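Enquirer: coords below, sequence missing:
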């Protein structure tokens with residue numbers, strides 16, 4: 001017999017056809033590498049864009065004075081005209097994309113809905129509004145100033161809230177029955193289109209502005225204990241050219257200036273329990289300071305929530321603040337605030353064309369989210385001159401006057417859905433609480449838990465760059481203070497002891513304290 005065949009000697013079909021077989025170990029290795037490559041690609045596409053950090057070098061944090069890190073590692077060191085518009089350093093590319101997209105929406109000027117033969121070109125501005133873009137009031141993401149002309153006409157960026165007495169169980173303000181919750185000092189113009197006969201016809205009637213806000217100032221004289229005189233200016237407001245008749249003697253007014261927006265994401269990330277722990281509504285420690293939390297109804301959930309933003313902390317989140325400003329200041333609706341700012345006594349306003357061809361909100365959810373992320377991811381300018389002897393003397397005077405009783409220097413963030421905002425040790429100089437600031441700064445309009453005398457402690461970080469970014473030195477909620485010194489002198493109520501301590505200081509110590517504020 002011939003040589004016998006064993007199983008290993010039998011040619012496989014592949015071998016018989018002339019093909020080469022792939023060893024199983026090599027095949028497994030290729031499959032493992034392919035799966036790993038797909039996993040890496042998926043990770044880069046789906047996970048890496050939303051990391052807390054990008055691939056940039058942040059070793060500079062090891063070289064800077066830690067006292068200058070006002071916003072933790074979201075601090076930047078750009079101190080020019082664009083200091084308030086800087087993004088947080090080293091964002092992952094997904095967040096960087098959202099920042100850029102939101103910046104575009106924030107800066108873009110919107111226009112009224114216009115009907116043409118070809119298309120319905122509709123932003124949906126107004127019909128009654130104050131300005132056409134977020135950036136138009138928050139100039140360079142900074143502070144507005146109150147007066148633009150010798151006639152006293154209010155500057156863009158100063159608005160007037162309105163309400164009448166009411167009994168809302170939550171304390172929410174009751175809008176004026178005719179003019180609503182905010183004076184609209186602009187209205188959309190008349191619009192024309194050509195008909196089939198070629199003649200021009202009105203397709204949108206003019207919606208008149210509700211009125212013109214006029215500001216006059218009264219001077220108040222005073223002097224320091226050392227005999228140095230000073231003057232303060234108190235605003236007196238008048239509304240003229242009212243479109244729907246007299247506004248009524250029971251109307252309550254509250255002027256508000258547009259403030260800088262950088263750092264708001266970090267303020268949103270301060271844990272609620274941290275803010276509540278700083279409250280002392282009954283002044284149990286006897287220091288004369290009795291800050292208390294604001295509570296507002298959140299439009300997303302319908303539940304009461306801690307108020308954080310605005311001069312009286314009337315909005316509970318960055319999204320709430322963005323959407324409320326869009327509808328109140330520009331008349332741009334969203335899914336959070338779907339109704340135009342028109343009352344039943346304003347038929348032209350109610351009948352005006354809406355954006356999106358009337359098929360939905362004028363700002364999409366995507367646009368609101370983009371603006372929300374833009375504001376959340378703005379960085380904070382670092383402190384300057386922290387090692388200077390004069391800055392340190394001013395800081396000591398600030399603490400000695402117990403200004404830190406409300407302007408809390410250091411807080412730690414946590415619990416935010418954007419991971420980059422968590423675990424940051426920040427120096428905002430605020431407790432986010434409401435404080436009675438005395439009769440001098442009071443307006444007539446209570447809002448939620450805030451009385452007319454109460455205001456949220458504004459953060460002080462970045463305040464020294466207002467002259468550089470915005471070209472003025474107007475401060476406080478209505479811009480009445482012509483400089484930081486006057487802002488201190490207007491403090492009363494719970495801050496009276498600190499103001500009195502400032503009055504007692506000698507001229508050099510006062511100047512050092514202001515120099516410290518300018519370093520923030």
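Expert: Good, I have the coordinates. Predicted, not measured: the structure shown is a model, and the values here were computed from it.
Enquirer: hey, let's count contacts and neighbours off CA atoms from now on
Expert: Noted.
Enquirer: below-threshold pLDDT in the stretch 351-500 of the chain: ranges please.
Expert: Counting by pLDDT under 70, the stretch 351-500 of the chain contains low-confidence residues at 358.
Enquirer: would you map the helices across it?
Expert: 365-376, 389-400, 466-470, 484-489, 496-504 (DSSP state H, counting those that start in this stretch).
Enquirer: so which of these comes closest to residue 247?
Expert: Closest to residue 247 of those, according to C-alpha to C-alpha: helix 484-489, at 30.8 Å.
Enquirer: which helices and strands does the closest one pack with?
Expert: Here helix 484-489 is seen to pack against helix 496-504, helix 507-519 when contacts are counted using 3 or more C-alpha pairs under 8 Å, 6 or more residues apart in numbering; DSSP states H and E.
Enquirer: out of these, which gets nearest to residue 338?
Expert: Comparing these against residue 338 with C-alpha to C-alpha, the closest turns out to be helix 507-519 (41.1 Å).
Enquirer: redo the helices and strands packed on helix 484-489 as a markdown table? Include mean neighbour count and distance to residue 307.
Expert: As requested, these are arranged in a markdown table below (neighbours: other C-alpha atoms under 10 Å; distance: least, C-alpha to C-alpha, whole Å):
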| stretch | mean neighbour count | distance to residue 307 |
| --- | --- | --- |
| helix 496-504 | 19 | 25 |
| helix 507-519 | 19 | 26 |
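Enquirer: of the ones you listed, which is nearest residue 360?
Expert: Between residue 360 and the helices and strands packed on helix 484-489, the shortest separation by C-alpha to C-alpha is 45.7 Å, and it involves helix 507-519.
Enquirer: got a list of contacts for that closest one?
Expert: Helix 507-519 is contacted from outside by 226, 383-386, 390-395, 397-398, 460, 463-465, 484-485, 502, using C-alpha atoms under 8 Å, 6 or more residues apart in numbering.
Enquirer: and that helix, how far out from the chain middle?
Expert: A distance of 28 Å separates the centroid of the chain from that of helix 507-519, by C-alpha atoms, centre = their mean, to the nearest Å.
Enquirer: how about low-confidence regions in this structure?
Expert: The model of the chain has pLDDT under 70 over residues 1-22, 24, 26-47, 115-122, 148-150, 358.
Enquirer: report the central residue of it.
Expert: Centroid-nearest residue in the chain, with C-alpha atoms, centre = their mean: residue 261, separated by 4.2 Å.
Enquirer: backbone dihedrals for the closest residue to it other than its chain neighbours, please?
Expert: With C-alpha to C-alpha, 6 or more residues apart in numbering as the measure, residue 141 is the residue that lies nearest to residue 261, at 5.7 Å, once sequence neighbours are left out. Note on residue 141: backbone dihedrals following degrees, to the nearest 10 are phi 60, psi 20.
Enquirer: so how far is residue 347 from residue 141?
Expert: 35 Å (C-alpha to C-alpha, to the nearest Å).
Enquirer: could you pull up the residues touching the nearest residue to residue 493 once chain neighbours are set aside?
Expert: By the measure of C-alpha to C-alpha, 6+ apart, the closest residue to residue 493 outside its immediate chain neighbours is residue 438, 3.8 Å from it. With C-alpha under 8 Å, 6+ apart as the criterion, the residues that contact residue 438 are 453-454, 491-494.
Enquirer: make TSV from the helices of the stretch 351-500 of the chain and add distance to residue 304 to it.
Expert: Converted to TSV, the helices of the stretch 351-500 of the chain look like this (distance: least, C-alpha to C-alpha, whole Å):
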stretch	distance to residue 304
helix 365-376	21
helix 389-400	34
helix 466-470	34
helix 484-489	32
helix 496-504	31
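Enquirer: highest mean neighbour count out of those helices?
Expert: For the helices of the stretch 351-500 of the chain, the largest average neighbour count (mean count of other C-alpha atoms under 10 Å) is found in helix 365-376, namely a mean of 22.
Enquirer: what's in contact with that helix?
Expert: The contact list for helix 365-376 (C-alpha under 8 Å, 6+ apart) reads 95, 98-103, 105-106, 261-266, 318-319, 322-323, 334-335.
Enquirer: again, only this time at 7 Å
Expert: Outside of helix 365-376, the residues within contact range by C-alpha atoms under 7 Å, 6 or more residues apart in numbering are 98-99, 101-103, 105-106, 261-262, 264-265, 318-319, 322-323, 335.
Enquirer: and the two most separated of those?
Expert: The most distant members of those, if one measures by C-alpha to C-alpha, are 262 and 335, lying 24.9 Å apart.
Enquirer: who's more crowded, those two?
Expert: residue 262 (27 against 16; other C-alpha atoms under 10 Å).
Enquirer: please tell me how far that one sits from residue 268.
Expert: From residue 262 across to residue 268, the span is 12 Å (C-alpha to C-alpha).
Enquirer: ok, residue 337 next?
Expert: Applying C-alpha to C-alpha, one obtains 21 Å for the distance of residue 337 from residue 268.
Enquirer: just residue 228 next, same as before
Expert: Distance from residue 228 to residue 268, counting by C-alpha to C-alpha: 41 Å.
Enquirer: please say which of those two ends up with more neighbours.
Expert: Under the criterion of other C-alpha under 10 Å, the comparison of residue 228 against residue 268 puts residue 268 first, with 20 against 11.
Enquirer: for the closest residue to that one other than its chain neighbours, what are phi and psi?
Expert: Among residues not flanking residue 268 along the chain, residue 317 sits closest, at 6.5 Å (C-alpha to C-alpha, 6+ apart). Backbone torsions of residue 317, given as degrees, to the nearest 10, read phi -150, psi 170.
Enquirer: surely residue 317 is in contact with residue 266?
Expert: No - between residue 317 and residue 266 there is no contact, the gap being 11.3 Å when judged by C-alpha atoms under 7 Å.
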